[in-house]
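Engineer: here is a sequence with its predicted model. Questions after.
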Amino acid sequence: MPRNTTIHILRHGTRQDFITAEWTSPTGLPKDPPLADVGHAQAEEVAAHLHPIPVSQQPQQQQQQHHHHHHHSNSRPNGVQGNIRFTHVFTSPFTRCLQTAEPLARRAQIQLKVEPGLGEWFNDWDTDRSAPPPCPRAPTVSELDALFPGLIDTLYTPQWRQGTQWESKDEIHERVHFVLERLLAYVENDIQSKGTPGAQEEDVHVLIVTHAACQIALGRALLRDRFAVIRCGVASFCRFRKREGEDGWTMEANGDAAHLKGGLMYNWAFTE
């Protein structure tokens with residue numbers, strides 16, 4: 001990457017089907033539960049945490065960015081005050097991920113790039129059966145565009161075009177590694193072709209909104225450690241930074257939930 005780069009990986013908030021058996025999918029898809037009310041509240045907490053200053057007030061506020069602040073949370077990168085300016089926000093195509101990203105995206109006036117390669121891990125068919133049933137599909141961009149008007153960058157071309165598939169643990173790690181490499185290349189090319197707003201010494205910030213299994217696999221791919229322990233409660237962050245010219249990524253936050261009233265909840269792990 002051409003500059004210092006920070007990748008923020010956010011798991012979606014609490015799903016409605018975690019709370020009640022009585023839920024309906026906004027897309028009508030059987031494996032696409034929406035956020036519960038508490039999940040929407042978490043999404044607002046995420047937005048306030050990453051983007052505390054309304055856009056209308058930004059010019060007056062910019063000068064205060066480097067003042068000392070007393071409330072130090074590990075989930076604020078490098079003492080950044082004020083708003084984190086994301087160059088790119090990528091999201092899984094499942095409704096709960098877009099709902100989690102929406103308050104931030106609306107505040108920051110940035111569109112979401114829907115990336116199917118960040119979608120849910122489907123691994124639960126009985127391998128003794130000769131032919132598995134069809135894998136549940138993800139919502140399409142046109143379905144999501146109807147639910148989230150103006151929120152989606154419909155010109156973005158996904159890196160992963162194979163749709164959902166039944167996957168083993170190894171296969172989801174392979175998928176995520178492939179997609180991550182493609183996303184990093186995409187960000188680098190995009191920044192070089194457009195130039196980035198803001199001072200050259202600022203970090204590039206990228207946000208990825210996804211699911212527990214992908215959050216773990218992304219962290220492992222960045223750390224080059226297949227069995228790294230990655231915490232990933234609902235609406236919690238993992239954050240990784242790479243300095244310009246350096247080869248590897250450093251983990252700066254692991255399942256950080258300091259911004260959430262309820263703290264770390266529904267932490268998930270692969271059984272391995």
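Structural biologist: Alright, I've got the coordinates.

Engineer: what is the burial count for the residue lying closest to V176 once chain neighbours are set aside?
Structural biologist: Leaving aside its sequence neighbours, V176 sits nearest to A217 (CB to CB, 6 or more residues apart in numbering; 3.8 Å). Every C-beta, even on glycine, is put in place using the N, C-alpha and C of the backbone. Counted with other CB atoms under 10 Å, residues neighbouring A217 total 27.

Engineer: ok, now F90?
Structural biologist: 28.

Engineer: what of A257?
Structural biologist: When neighbours are defined as other CB under 10 Å, A257 has 24 of them.

Engineer: list the contacts of it.
Structural biologist: 75, 233, 235-237, 263-265 (CB atoms under 8 Å, 6 or more residues apart in numbering).

Engineer: ok, back up a step: how close does the residue nearest to V176 get to E45?
Structural biologist: Applying CB to CB, to the nearest Å, one obtains 25 Å for the distance of A217 from E45.

Engineer: go on, P136?
Structural biologist: Distance, P136 to E45, using CB to CB: 29 Å.

Engineer: do F18 as well
Structural biologist: Using CB to CB, F18 is found at 17 Å from E45.

Engineer: and for G219?
Structural biologist: 22 Å.

Engineer: which of the two has more neighbours?
Structural biologist: For G219 versus E45, neighbours defined as other CB under 10 Å are more numerous around G219 (25 against 18).

Engineer: mind checking the SS state of the more buried one?
Structural biologist: Assigned state for G219: helix (three-state reduction, DSSP: H, G, I helix; E, B strand; the rest coil).

Engineer: and the longest helix for the protein?
Structural biologist: Criterion DSSP state H: the longest helix present in the chain is helix 169-194.

Engineer: which element follows it toward the C-terminus?
Structural biologist: strand 204-210 (DSSP states H and E).

Engineer: and the residue nearest the centre of this protein?
Structural biologist: Nearest to the mean C-alpha position of the chain, by CA atoms, centre = their mean, lies V209 at 1.7 Å.

Engineer: about what we covered before: what is the longest helix of the chain packed up against?
Structural biologist: strand 86-91, strand 204-210, helix 212-223 (3 or more CB pairs under 8 Å, 6 or more residues apart in numbering; DSSP states H and E).

Engineer: how about it: buried residues?
Structural biologist: 172-173, 175-177, 179-180, 183-184, 186-187, 191 (16 or more other CB atoms under 10 Å).

Engineer: how far does stretch 119-137 sit from the chain's center?
Structural biologist: 24 Å (CA atoms, centre = their mean, to the nearest Å).

Engineer: alpha carbons of it, in CSV - could you do that?
Structural biologist: Taking C-alpha atoms only, stretch 119-137 is exported to CSV below (Å, rounded to 0.1, in the frame of the first residue of the first chain):
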residue,chain,number,x,y,z
GLY,A,119,-20.5,-12.9,3.1
GLU,A,120,-21.6,-15.5,5.7
TRP,A,121,-20.0,-18.9,6.2
PHE,A,122,-22.4,-21.7,5.3
ASN,A,123,-21.0,-25.0,6.6
ASP,A,124,-23.9,-26.8,8.2
TRP,A,125,-25.1,-29.4,5.6
ASP,A,126,-24.7,-33.1,6.5
THR,A,127,-21.6,-34.2,4.6
ASP,A,128,-22.9,-37.8,4.6
ARG,A,129,-25.5,-36.8,2.0
SER,A,130,-24.3,-37.4,-1.6
ALA,A,131,-25.7,-34.1,-2.9
PRO,A,132,-26.1,-31.1,-0.6
PRO,A,133,-29.1,-28.9,-0.9
PRO,A,134,-28.6,-25.6,-2.6
CYS,A,135,-26.6,-23.2,-0.5
PRO,A,136,-28.8,-20.3,0.8
ARG,A,137,-28.1,-17.2,-1.4
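
Engineer: which residues does it contact?
Structural biologist: 29-31, 92-94, 138, 160, 163-169, 172, 210-211, 213-214.

Engineer: same thing but 7 Å
Structural biologist: 29-31, 92-94, 138, 163-168, 172, 211, 213-214 (CB atoms under 7 Å, 6 or more residues apart in numbering).
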